[in-house]
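# Predicted model and sequence follow; I will ask about them next.
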Amino acid sequence: MEKAEASGAPVITGAPGTFAWSVLAERHPALIRQVRDAFPYPPGQQRALDALQEETAHGLIQPLPPGAADGARWAAWGSGHIGRSWFEVPFLWAESYFYRRLLEAVGYFGPGAWQGVDPFAPFKRAELNGSAVEGELAALDEVARLPLAEQDHALLGAALWGNRADLGFLISAGDPGTAGTHVVADDSALFWRHLADASPATVYLVADNAGRELIPDLVLLDHLLTTGRAARAVLHVKPTPYYVSDATPADVLDCLRRMAEAPGRAAETATRLWSALTRGRLRLTAHPFSCAPLPYAAMPADLRTDLAAATVTVVKGDLNYRRLVGDNLWPATTPFATLTGYFPSPLLALRTLKCDVAVGLTPATLATLESDPTPWRTAGTHAVLHFRP
Ligand SMILES: O=P(O)(O)OC[C@@]1(O)O[C@H](CO)[C@@H](O)[C@@H]1O
């Protein structure tokens, strides 16, 4: 297993018998089949998808074709990994490169008729138009009637648990439903106090999934803007489709339109967010590094400068968490702040645990979790809210 240079904490790979192996060997083939079946792709795309399926299961990692979009950047990122088994290289890199290769296989970067066609759009659309979203939008009217502190708690909790609406995860894990929602680290009080001390703040939110996760993220941003905690907000999404349901600018617009169609508070929220975008009080941005196979510690200078302007950066989801702390088998009691000291602003991570990486737990919490046979690291039933000032 590859070692992390500094800490000695092993870098996670797809070694046999690991969760990462199951993602590479089971989740990704299932995803390729779902994408292939969701579109009338012509023979060229079908052959490319079949070749990717075969390569990832039994072959050695191939480079992007000559002239591919971002080809030079991915060639540099792939140094030392191209030509090896998908199961040997760092899991974060393998998983991220898989999604870049999937876009290549379906012709997302063009030229041609399939340029810009999101291979995950059918799945995102089905979720956005589903009954679960309808119920969650209707619930906003009840939340609006709560005292402010209870609204804060409810809307932050909705953003946290919205992270389970991760369509890639649901392929292999199945919807945990409400089968246990256990918060195992909760720094939310520190977050609210930080905001109160710094109001009116500039709140950044680095989004994760579209649909049922992005809607509560948008509602949370509106809440912070309308209750005076935030003077302005910045929403970071992905520049291209990624990890199945990761949000792109198009997904933000789809969510706003879906909210605007709903009755009551949801439509009012959408109207306010639309106005905040047009007046520049809410800025939507999509940085290429958001789709890089690298930890945030390697973020480029322009992104670091942007994030340094944040009073607090709220970072959503499991993949972003892995990129924040490093995709390593850290001792789970390693303090979150120890691994994120490089981050250029105060930081709140909202994450449901869906892979082996876990940090920031007290010894007592870890002992309790380890005494229970349920797979708390990967089932999506446990969550953390880590704040680093
Ligand atoms: O970032 P998200 O959407 O919360 O989760 C991404 C994910 O689906 O893909 C990876 C599979 O190991 C994990 O990080 C997680 O299961």
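Ah, there it is.
# what about stretch 295-311, start to end distance?
22 Å (CA to CA, to the nearest Å).
# Give me the residues contacting stretch 380-387.
156, 160-161, 163-164, 166, 169, 173, 176, 179-188, 190-191, 194, 336, 346-354, 359-361, 369, 374, 376 (CB atoms under 8 Å, 6 or more residues apart in numbering). In short, each C-beta sits where N, CA and C put it, glycine included.
# Now which of the residues you listed would you call buried?
156, 160-161, 163-164, 166, 169, 173, 176, 181-182, 184-185, 187-188, 190-191, 194, 336, 346-354, 359-361, 369, 376 (16 or more other CB atoms under 10 Å).
# ok, for the residue nearest in space to the middle of the chain, nearest residue in space, not its chain neighbours?
By CA atoms, centre = their mean, the chain has its centre lying nearest to D208, at 3.0 Å. Counting by CB to CB, 6 or more residues apart in numbering, the nearest residue to D208 once its immediate chain neighbours are dropped is G317, at 3.0 Å.
# Equivalent analysis for S188, please.
S188 sits nearest to L385 (CB to CB, 6+ apart), 5.0 Å away.
# Write out the residues of the stretch 251-389 of the chain neighbouring the ligand.
G317, D318, L319, R322, K354, C355 (CB under 6 Å from any ligand atom).
# Now tabulate these in JSON lines and tack on secondary structure, distance to E26 and pLDDT.
Below are these laid out as JSON lines (DSSP: H, G, I helix; E, B strand; the rest coil; distance: CB to CB, whole Å; pLDDT from 0 to 100):
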{"residue": "G317", "secondary structure": "coil", "distance to E26": "21", "pLDDT": "97"}
{"residue": "D318", "secondary structure": "helix", "distance to E26": "17", "pLDDT": "97"}
{"residue": "L319", "secondary structure": "helix", "distance to E26": "18", "pLDDT": "98"}
{"residue": "R322", "secondary structure": "helix", "distance to E26": "19", "pLDDT": "98"}
{"residue": "K354", "secondary structure": "coil", "distance to E26": "15", "pLDDT": "94"}
{"residue": "C355", "secondary structure": "coil", "distance to E26": "14", "pLDDT": "95"}
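# Let's see the ChimeraX selection covering just the buried ones among these.
To isolate the buried members of these in ChimeraX, using 16+ other CB under 10 Å:
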select :317,318,319,322,354,355
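# which of the residues of the stretch 251-389 of the chain next to the ligand sit farthest apart?
Across those, no pair lies farther apart than G317 and C355, at 10.8 Å, counting by CB to CB.
# Just the CA atoms from the lowest-mean-pLDDT helix or strand in the chain would do, formatted as CSV, please.
Every helix and strand of the chain was ranked by mean pLDDT, DSSP states H and E. The lowest is helix 167-173, at a mean of 72. In CSV, the C-alpha atoms belonging to helix 167-173 read as follows (Å, rounded to 0.1, in the frame of the first residue of the first chain):
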residue,chain,number,x,y,z
LEU,A,167,-26.4,9.0,-6.9
GLY,A,168,-23.0,7.3,-7.2
PHE,A,169,-23.2,6.1,-3.6
LEU,A,170,-26.8,5.0,-4.0
ILE,A,171,-25.7,2.6,-6.8
SER,A,172,-23.8,0.5,-4.4
ALA,A,173,-25.0,1.3,-1.0
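# got the contact list for it?
Taking CB under 8 Å, 6+ apart as the rule, helix 167-173 contacts 22-23, 26-27, 30-31, 34, 120, 123-124, 127, 209, 243-245, 318, 354, 378-380.
# Strands along the stretch 151-300 of the chain, start to end?
Ranges of strands in the stretch 151-300 of the chain, per DSSP state E, counting those that start in this stretch, are 182-186, 201-206, 230-237, 282-286.
# thinking again about what came up before, check the offset of the least confident helix or strand of the chain from the chain's centre.
Put simply, helix 167-173 sits 13 Å off its chain's centre (CA atoms, centre = their mean, to the nearest Å).
# how about it against the ligand, any contact?
Yes - judged by CB under 6 Å from any ligand atom, helix 167-173 comes into contact with the ligand through G168, F169.
# Enumerate the residues of the stretch 101-250 of the chain near the ligand.
So the stretch 101-250 of the chain meets the ligand at N163, D166, G168, F169, D208, N209, Y243 (CB under 6 Å from any ligand atom).
# From these, pick the one nearest L102.
Y243 (10.2 Å).
# and the closest one, how many residues sit next to it?
Y243 sits with 22 neighbouring residues when counted by other CB atoms under 10 Å.
# Check whether it really touches N320, as I assumed.
No - using CB atoms under 8 Å, Y243 makes no contact with N320, being 10.1 Å away.
# Per-residue pLDDT of the residue nearest to S188, please?
L385 is assigned 98 on the pLDDT scale.
# can you pull up the bridge partners for it?
Here L385 sits in beta bridges with D186, L350, going by DSSP bridges.
# What distance do you get for it to F191?
Look at L385 and F191: by CB to CB, to the nearest Å, they are 7 Å apart.
# Mutual contacts of those two, please.
L156, L348.
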